[in-house]
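Colleague: Next come a sequence and a model predicted from it.
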Amino acid sequence: MPSVPAAEVQHVQYGSTITLGCNISYIHDTTWLKHNPDLTPTVVLCASLRDGKAAQEFQLSPRFAVDLMNRSLALKIIDVQEGDVGMYYCVANWKSTFIIGRGTKLQVSSTGSTWFLFPHWYSVGVGFGLLLMVLAVCITHCKAKSNEDPGNTTFSLQEILTCHQGRLTAP
């Protein structure tokens, strides 16, 4: 029994479009399967070459399309979503024998536009706000404890740290 070629990994970002290649010639009708661990594989697309053009006979979602690429029927996923992450295989039937193509593992990339996501900026804002709040408490504390010059309203960072250290080490 022939072995299945090793899977490749393709990184993608949510909302983008990606095309997964197949190493089976387009002369064979091609079925694309998606497989996730602990789940039954799902047929996402059935395609064939008709009159020199790629034709879809079945598609699980309008976001799945067939594309001619390197003499094969490639799977194009438009507007990638969280549920699209997984392992994909192209499969063909030739003389009552199934040919299983190289698998492609679709993973979400953490680089690029995901850096600008709301949760990241929200966390930065909360952290910066907490830092400002701690600094305000330290300044207020130092002002209240300052007996040397009641008219002095400016403090250097060294004075704030010295005031804070004295408070922490005092019994």
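Modeller: Happy to help now that I have it.

Colleague: Okay, helices next: where are they in the chain?
Modeller: Applying DSSP state H to the chain gives helices spanning 118-145, 157-169.

Colleague: Quick one: mean pLDDT for the shortest one?
Modeller: Yep, that's helix 157-169 we're talking about. On average, the pLDDT along helix 157-169 is 56.

Colleague: Please report phi then psi for Asp38.
Modeller: phi 70, psi 10 (degrees, to the nearest 10).

Colleague: Against Leu135, how distant is it?
Modeller: Distance of Asp38 to Leu135, computed by Cβ to Cβ, to the nearest Å: 50 Å. For glycine as for every other residue, the C-beta is placed from the backbone atoms N, C-alpha and C.

Colleague: These two - which one has more neighbours?
Modeller: The neighbour count for Asp38 versus Leu135, taken as other Cβ atoms under 10 Å, is higher for Leu135 (12 against 4).

Colleague: mind checking how far that one is from Arg50?
Modeller: In terms of Cβ to Cβ, Leu135 sits 70 Å off from Arg50.

Colleague: try Gly103
Modeller: Distance from Gly103 to Arg50, by Cβ to Cβ: 26 Å.
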